[in-house]
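Colleague: Below are the sequence and a predicted model for it; my questions follow.
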Amino acid sequence: MTSYATARPIDFGEDVEAATDRRHLELRAALVDSTALAQLPAAEPIIDQVLYANSVNWLHGKPGHGKTMVALDWACHVATGRPWCDYETHSWRVLYILAEGAHGMHDRRVAWEIANGVDVPVGRLLFLPIAVQLMKDLDVDALVQLAGELDVGMIVVDTQARVTVNADENSAKDMGVFIDHLERLRAVTQACVLIVHHESRSGDSLRGSTALEGAATTVVRATKDGTLIRLDNTKQKDGPTFDPILGRLASIALPSGRMGAAWSHSTVGLAAMSTESENKILTTLRDLYGTTGASNSELREACEIPRSTFQRSLTALVRRGEVVNVGTQTRTRYVLPGMEALT
């Protein structure tokens, strides 16, 4: 993407006063008044209402919850310019940093092409199977130079942990350095920089320092339930958040004879599908509490489902009328429809 000049580092061999004067002139040249500020261009989308150019963003989720599937899906849509979930996509070359290794990525890309009925043009999606260390100036300098040469519009870093080896992700100081390096990559390339990151096993937000979320333009969370992957947009700095998006992992037969998978975000039939967690709640309520009903806590403990997944699934079942609360909001008692008189 079109780059712009950044400040030249101070040469400590030059006169300090001269360096200060030079920096003063750079800052003065960057000043804008309210009229000029209003004339600055709006954020340029990469995927309308989802991801923006010239930004730093995070996609996070627990291990095994489909983060890479979603990141690759975004990358392939940007590389081909195909609409994503009915959102218009603007075609750009994509650089995908495979910091966790290239194993399996070829099959995932082929599965995506088969599922979407289109080949990714040669040279539009480039993979770098090296864990570039983004805490080190040398690696950052080299990556900035490479990304500038390639004129990429999107850079995917998968995953944060593999490119910040020996850094303390809970340290605001360490993560501040990491963010500064990401900002440099963004400033020079004006690309959409997407970081794939884990979350703690007990939490539902980005793992590590809150400085990460503070620096983000967009934050999206992926949660997996059976074959379904749900995306929740928890932060959108430059516009309204998009509504939750539900997709499913589809098995794809590959030309090699192996089986692959692709994330399908077609909404056809999804509204009528029950997730595995919803089925577990219904089965538990029928088999263990058929005539007595169960409170929220009793049902959750019997199902052995993570709290956030359980609550989301139970709410969906109540909304659809497949489970009925015959108690109150504070003293719940859930039963199956038709069993109200027995409790």
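Modeller: That came through fine. Numbering: from 1, shown residues only.

Colleague: Can you tell me how far R307 is from L317?
Modeller: Distance from R307 to L317, counting by CB to CB, to the nearest Å: 16 Å. Backbone N, C-alpha and C define where each C-beta goes, glycine included.

Colleague: Same check on H77?
Modeller: 32 Å.

Colleague: more neighbours, those two?
Modeller: Comparing H77 with L317 by other CB atoms under 10 Å, the one with more neighbours is H77, at 26 against 22.

Colleague: Could I get the contacting residues of the more buried one?
Modeller: Residues near H77 by CB atoms under 8 Å, 6 or more residues apart in numbering: I47, P83, W84, T89.

Colleague: what about it, which SS state?
Modeller: helix (DSSP: H, G, I helix; E, B strand; the rest coil).

Colleague: For it, report the pLDDT, please.
Modeller: What the model reports as pLDDT for H77 is 97.

Colleague: what's the following helix or strand after the lowest-mean-pLDDT helix or strand in the chain?
Modeller: Ranking every helix and strand in the chain by mean pLDDT, DSSP states H and E puts helix 34-38 at the bottom, with a mean of 73. Proceeding N to C from helix 34-38, the next assigned helix or strand is strand 45-47, under DSSP states H and E.

Colleague: ok, residues contacting the helix or strand just after that following strand?
Modeller: Counting by DSSP H and E, the next helix or strand C-terminal to strand 45-47 is strand 51-52. Identification of contacts with strand 51-52 by CB under 8 Å, 6+ apart yields A43, E44, P45, I46, N57, W74, M154, C192, L194, T217, T218, D238.

Colleague: how about a cut-off of 10 Å?
Modeller: 42-46, 57, 59, 74, 78, 84, 87, 89-90, 154, 192-194, 217-218, 220, 236-239 (CB atoms under 10 Å, 6 or more residues apart in numbering).

Colleague: Is it possible to mark the buried ones in those?
Modeller: 45-46, 57, 59, 74, 78, 84, 89-90, 154, 192-194, 217-218, 220, 236 (16 or more other CB atoms under 10 Å).

Colleague: secondary structure class for the residue most central in space within the chain?
Modeller: Closest to where the C-alpha atoms of the chain average out (CA atoms, centre = their mean) is L59, at 1.9 Å. The three-state assignment at L59 reads strand, by three-state DSSP.

Colleague: what sits against it?
Modeller: Contacts of L59 (CB under 10 Å, 6+ apart): 51, 66-68, 70-71, 74, 156, 158-159, 194-197, 206, 218-222, 231.

Colleague: please redo it, this time with the cut-off set to 6 Å
Modeller: Contact partners of L59, counting by CB atoms under 6 Å, 6 or more residues apart in numbering, are K67, A71, V196, V220.

Colleague: Columns pLDDT on top of those, output as CSV?
Modeller: CSV is the format used below for the contacts of L59 (pLDDT from 0 to 100):
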residue, pLDDT
K67, 95
A71, 97
V196, 98
V220, 97
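
Colleague: Show me how far stretch 186-204 is from its chain's centre.
Modeller: Chain-centre distance of stretch 186-204: 7 Å, with CA atoms, centre = their mean, to the nearest Å.

Colleague: contacting residues around that stretch?
Modeller: Under the criterion CB under 6 Å, 6+ apart, residues 1, 3, 6, 46, 51, 53-60, 62, 67, 71, 144, 147-148, 152-160, 182, 185, 206-207, 308 lie in contact with stretch 186-204.

Colleague: Show the buried residues in the contacts of L59.
Modeller: Buried among those by 16+ other CB under 10 Å: K67, A71, V196, V220.

Colleague: Next one: the residue nearest to R124 when sequence neighbours are not counted from D158, what distance?
Modeller: Computed as CB to CB, 6 or more residues apart in numbering, the closest residue to R124 that is not its neighbour in sequence is A79, at 4.1 Å. Distance, A79 to D158, by CB to CB: 15 Å.

Colleague: Tell me which residues of the top helix by length along the chain come out buried.
Modeller: When the chain is parsed with DSSP state H, its longest helix is helix 172-189. Along helix 172-189, these residues count as buried under the neighbour rule (16+ other CB under 10 Å): 174-175, 177-179, 181-182, 184-189.

Colleague: Then stretch 293-307?
Modeller: Those would be G293, A294, N296, E298, L299, R300, A302, C303, I305, P306, for stretch 293-307 by 16+ other CB under 10 Å.

Colleague: can you give me the end-to-end distance of it?
Modeller: Taking CA to CA, to the nearest Å, stretch 293-307 runs 19 Å from one end to the other.

Colleague: how distant is that stretch from the center of its chain?
Modeller: Centroid displacement of stretch 293-307 relative to its chain, using CA atoms, centre = their mean, is 29 Å.

Colleague: And for stretch 144-160?
Modeller: 17 Å.

Colleague: could you give me the average pLDDT of the helix or strand containing A316?
Modeller: Using DSSP H and E, A316 falls within helix 307-320. The pLDDT scores in helix 307-320 average 84.

Colleague: No more questions from me, cheers.
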